[in-house]
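[1] Give me a model of this one.
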Amino acid sequence: MSLLNVGARALMANQVALQTTGNNIANVNTAGYSRQSVVLKTSSGQDIGVGYIGNGVDVATIVRNYNDLLSRQAAMAGAVSAGDTARAESLSRMQEIFTGGKNGIGGAISDMTNAFADIVGAPTDPTARNVVLTRMNEMAARFRSASGRLEELDYTSRQQMANDVTQVNSLAAQVATLNGQISRAMATGNTPNDLLDQRDQLVRDINKFVQTSQIQADDGSLTLFVANSQPLVMGTSSARMSLREATEYPGSGRQALYFEQSGSQSLELTPSMLGGGEISGLLQFQSEDLAEGRNLLGRLATALGTAMNQQNQSGLTLSGARGTALFNVPDSVKGYTNISGVTARADFVDISSTDVPKPPYDTAGYMPSDYKVVFKDGGALSLVRLSDNKAWSFNSVGDLANTTVDGLRFNISGPGARSESVLFQPYAGVVKDFKALVSTPGDLAVANPITAGMNQSNQGNLQLESLKVLSPNTALPPIPGGVDVSFQVDSVTGAITYTVAGSVGSDGSGKTYVSGQPIEIDGWSITLSGTPHAGDSLKVGNALDPQYGDNYRRNAGNAAAFMDLRDKELFDGNTTLSDGFSSLMAQVGTRTQSATYAAKLSQTIAANLETDRTSVSGVNLDEEAAKLLQYQQAYQASAKMLQIAQGIFDSVLQTVGR
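    Numbers count the residues shown, from 1 in each chain. Here you go, the predicted structure:
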C-alpha cells in the first residue's frame, strides 16, 4: 500500500506542476500576470523499525515569482514617464501653433509693416491704404486663430484630465474590492496569487494617471497614498478625486486636482505634490507651459498693438485729425482672488518714465508672465513674477500701487490676511478678441503733425533725413511761430553747436551737433545729415498751420515711422519687433525640446525597470516548455509506479485466493 500511496502522491504533485506550467503558458500575454511555481516538499517518512521509509511528495504551496521592490520602482518610474510624456506631447502640439514662414504670425507682421512702403511713395493713394488695412486684419486674424487653437488645446487637456480622474476613481474602487477578497482568502492560510496579480496591475494602471505609494497590511490589504500622505485606498474603502477650478483664484480658469474623502474637506493637490502621472503632467502643462504660450502670444499682441496705436496717434489722418488707436489692447486687466471685499487690477502704464512728455506705455518692459501678490503680516506683501519666481517686497498695497514693475502697476483695493494671494494674468486674454479698429483708409494717420523747412539762405549742405513724433501726446509747435533751430561754428575749434528757439523744453543754450544723430525737442525728433555753416537754420512748425496749406496730405513721415517699428526694441529690453515672433518660437521650441528630452529619459528608465520586473515575474516560453517536458516525464513515471503497485497488489490477491 505504501508504494501505491507514494505513486498517488507523486502523480498528484506532478499533475499540479503540469497544470501550473500550463497556466503560465496560457497567461504569457496577460498583463500583470506573475509566473507561478509549484513548491514541493517531502512527505514525512514512516519508521518501520529498521529505519524511516519515504512516503513520497506533497505540494507545499504555489508561489508567484514577484519582487516587491522592483514592482514599486517600476510603478513609480512608469508614473514619472507618463507625466513627462503627456507634457511633452502637449507641448509638441502647442509648438505647431507657433509656426514660421509666410503663413505664420511673423509673416503677417512683416507683411503689415512692409505694406506701409507703398504709402510712403503715395500717401494719398486709397489702394495703398486699403492694402495696409487688409494686412492689419489678416495679422489680427492670425493672432485670434492662434489664440483659438491654444483654447482648444486647453479644452482637450481638461477633458483628458477629467477622463483620467474618472479612471483613477474607478481603479481605486476596484483595488478596494480586491483588498476585501484578498484579505478573506489569506485568512484561510493560502495566498491568492491571481488576485494579487490583478491588484498589482490595477496599481500600475493607477500610476499611469497619478503617482502612488503603497503600504501592505498584515491581512494582505494594500493602502494606496497619493500626494505622499492622502489615502486613496484604505482597506475596502476608497476616496475620490475631482478636477475643477482652483478655489484660490475664482474666474481665472486655473484647474486643480482635489482629493475628496467622505466626511472631510477637499484638499487641493498641486502638480509638485502629485509627483508623476499623466494628470500631473497635464496640470503642469496647463499651469506653466500653456500659460507661457498664452503670455508670449498676448505680450506680442499687446506690445505690437500698443506700438502701432501710439504711432498712429502720433500722426495726422487725411482729414487733418490726430490718429486713433489701430488695435484694441487693454489699458488694465482684472486680478483674481477669493479675498472677501478685495478687488484688484493691473494697469499698463509707465508712470516712472522721466521722458518729457511721458510715454503712456513701456512695451519693452513687458514680461510674458503671470504675477502673484502674497500677503504677509501687517499688510506687507510680496509681488512674485511666476515665470522666474523673482519677488519684490512692499510694506503696503499703497507702496505696490506707486511702483512700476515690468511696465505694470498693480492696484489692490485692500490688504489680505497672511498667506492670502491675488493672481494677475496681464496677457492671457489679450489675443482672444484682438482686432483692428480702423476700417476707413483715410483714418490711417501716416502724415507727420509737424513739418520742417530749411532756410533758403543756408550755405552748408544740411539735409533732412527724418522727422518724427516720439509720443502720441506730444504738443504741436506753436502757431504760427514754430521752432527755429540755428547753427553756430566755433572759429577756433570748428565745433558745431545748435540753438533752439521757441521750444517749450529748451533753455536756448548751444548744444553739440552730430550729423545723423537725432535732435529731440519737446517730444519730437529731427535727424539731419551734412555740415552746416555758421548762421544756417531751419524751422519746425505745425503741419496744420495755414501757411503750409494742405501739404500734410502729401507727407508720409509717420508712414516711414511705422516701417521703422520693425527695428524698434519692443521686447525684453533689446528684442526688435521683427525678431519678436522668432523669439517667441525659440522660447516655445526650447521648452518643448527640454520636455521631449525628459520624456525620452524617463521612458528609458521606466522601460529598464519594467524589464527588470518582468525578468523576475514574466513567463519565458522556452523555460516553461522545458518544465512541461520535465513534469510530463515525471507524471508518466508516477503513473508507471501506480501501474507497478497495482500489479503487485493483484499478484498478492491471487496468491491469497489460492
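[2] Note down every partner strand of the helix-or-strand element of the chain with minimal mean pLDDT and its orientation.
    When each helix and strand of the chain is scored by mean pLDDT, DSSP states H and E, strand 46-47 comes last, with a mean of 77. The strands that strand 46-47 pairs with in its sheet are strand 52-53 (antiparallel) (by DSSP bridges).
[3] Start and end of stretch 325-343, how far apart?
    End-to-end distance for stretch 325-343: 28 Å, by CA to CA, to the nearest Å.
[4] Also stretch 484-496?
    One end of stretch 484-496 sits 16 Å from the other (CA to CA).
[5] hang on, D622 in a strand?
    No. Per DSSP: H, G, I helix; E, B strand; the rest coil, D622 lies outside any strand segment and is helix.
[6] neighbours of it, just the number please.
    The burial count assigned to D622 is 7, neighbours taken as other CB atoms under 10 Å. Every residue, glycine included, has its C-beta placed from N, CA and C.
[7] residue ranges for the helices of the stretch 1-150 of the chain, please.
    Using DSSP state H, counting those that start in this stretch, the helices found in the stretch 1-150 of the chain span residues 2-26, 68-97, 105-121, 126-186.
[8] Show me how the chain divides into domains.
    By the record's domain assignment, the chain is partitioned as 2-65+619-657, 71-290+578-609, 450-555 (automatic domain parsing).
[9] closest to G414 out of those?
    Between G414 and the domains of the chain, the tightest spacing by CB to CB is seen for domain 71-290+578-609, at 17.3 Å.
[10] what about that closest one, average pLDDT?
    For domain 71-290+578-609, mean pLDDT is 92.
[11] Could you give the separation of that domain from the chain centroid?
    9 Å (CA atoms, centre = their mean, to the nearest Å).
[12] do the same with stretch 448-457
    On CA atoms, centre = their mean, the centre of stretch 448-457 falls 53 Å from that of its chain.
[13] okay, how far is it across that stretch, tip to tip?
    End-to-end distance for stretch 448-457: 25 Å, by CA to CA.
[14] Buried residues, that stretch. List them.
    Using 16 or more other CB atoms under 10 Å as the test for burial, stretch 448-457 gives N448, P449, I450, T451, A452, M454.
[15] Need the max-distance pair from these.
    P449 and M454 (19.5 Å).
[16] OK, contacts around I644?
    L3, G7 (CB atoms under 8 Å, 6 or more residues apart in numbering).
[17] what's the angle from the helix or strand harbouring it to helix 2-26?
    Following DSSP states H and E, one finds I644 within helix 621-657. Following axes from the mean of the first three to the mean of the last three CA atoms, to 10 degrees, one obtains 160 degrees for the angle between helix 621-657 and helix 2-26.
[18] Return the distance of the nearest residue to D289 once chain neighbours are set aside relative to V422.
    Of all residues not flanking D289 in the chain, L91 sits nearest, at 5.5 Å (CB to CB, 6 or more residues apart in numbering). Distance, L91 to V422, by CB to CB, to the nearest Å: 28 Å.
[19] Could I get the contacting residues of the closest residue to Q201 other than its chain neighbours?
    Of all residues not flanking Q201 in the chain, G32 sits nearest, at 2.8 Å (CB to CB, 6+ apart). Residues near G32 by CB under 8 Å, 6+ apart: D197, Q198, D200, Q201, R204.
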